[in-house]
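Trainee: below are the sequence and a predicted model; questions follow.
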Amino acid sequence: MPAESLQELLSEELKDLYDAEKQLTKALPKIAKAADSDQIRAAFEEHLEVTKSQVARLEEIFQALGEKPKSRPCKGMKGLLDESQEHLEEYSGARDLIDSVLIDGGKKVEHYEIAGYNSAIELAEALGHKAVSRLLRQTLTEEERMDKKLDQLGGRLLKKMVRQAA
């Protein structure tokens, strides 16, 4: 059913984000387990805990809006996670590349989430939902923090790989 108002559009965006975060809570343990580097594994394990709190925060947002927490299948997240799984399988024999593959997939996921949370924040603010906007901004900050962490880990990993290849 197409959204007929900004409020419905916000609700649909929240349902999408809710499903995306729930998909991620299922995928992150596998992603962390696949990591070769202890630092990268720890980053994904830490983000799993953050993601669980983001799911709870979305449930709080639904409650603040007088809605029941409900998912709408997030095809975008499913596609990103499927692609990451394919890449993991493709590079399973190249242990030295697995962490790069994980970081690449993680960054794609973070950028997708950042875009979704920015859209939801704009809608919440336009509708005057200040408390909802604050909660969404908290999650956005966490997603941006993970993106930066992956940037740092990826940069160090690439430098290490270049040194080893020289």
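Mentor: Cool, the structure landed.

Trainee: what about the helices in the protein?
Mentor: In the chain, helices defined by DSSP state H lie at 6-34, 38-64, 75-90, 95-126, 130-165, listed in chain order.

Trainee: for this structure, which spans come out with low pLDDT?
Mentor: 1-3 (pLDDT under 70).

Trainee: try 50
Mentor: The chain contains residues with pLDDT under 50 at 1-2.

Trainee: test my guess that residue 23 contacts residue 74.
Mentor: Yes - contact status for residue 23 versus residue 74: in contact at 6.5 Å, counting by Cβ atoms under 8 Å. Quick note: C-beta positions are derived from backbone N, CA and C, even for glycine.

Trainee: spatially nearest residue to residue 83 (excluding sequence neighbours)?
Mentor: residue 105 (7.0 Å; Cβ to Cβ, 6 or more residues apart in numbering).

Trainee: quick check: that neighbour touching residue 82?
Mentor: No - in this structure residue 105 lies outside contact range of residue 82 using Cβ under 8 Å: 10.2 Å.

Trainee: between the two, which is the more surrounded one?
Mentor: In this view residue 105 and residue 82 are compared by other Cβ atoms under 10 Å, and residue 105 has more residues nearby, 21 against 11.

Trainee: look up how far residue 72 lies from the more buried one.
Mentor: Computed as Cβ to Cβ, to the nearest Å, the residue 105 to residue 72 distance reads 23 Å.

Trainee: residue 17 too?
Mentor: Counting by Cβ to Cβ, the gap from residue 17 to residue 72 is 9 Å.

Trainee: among the two, which residue is more densely surrounded?
Mentor: Per other Cβ under 10 Å, whichever of residue 17 and residue 72 has more neighbours is residue 17, with 25 against 15.
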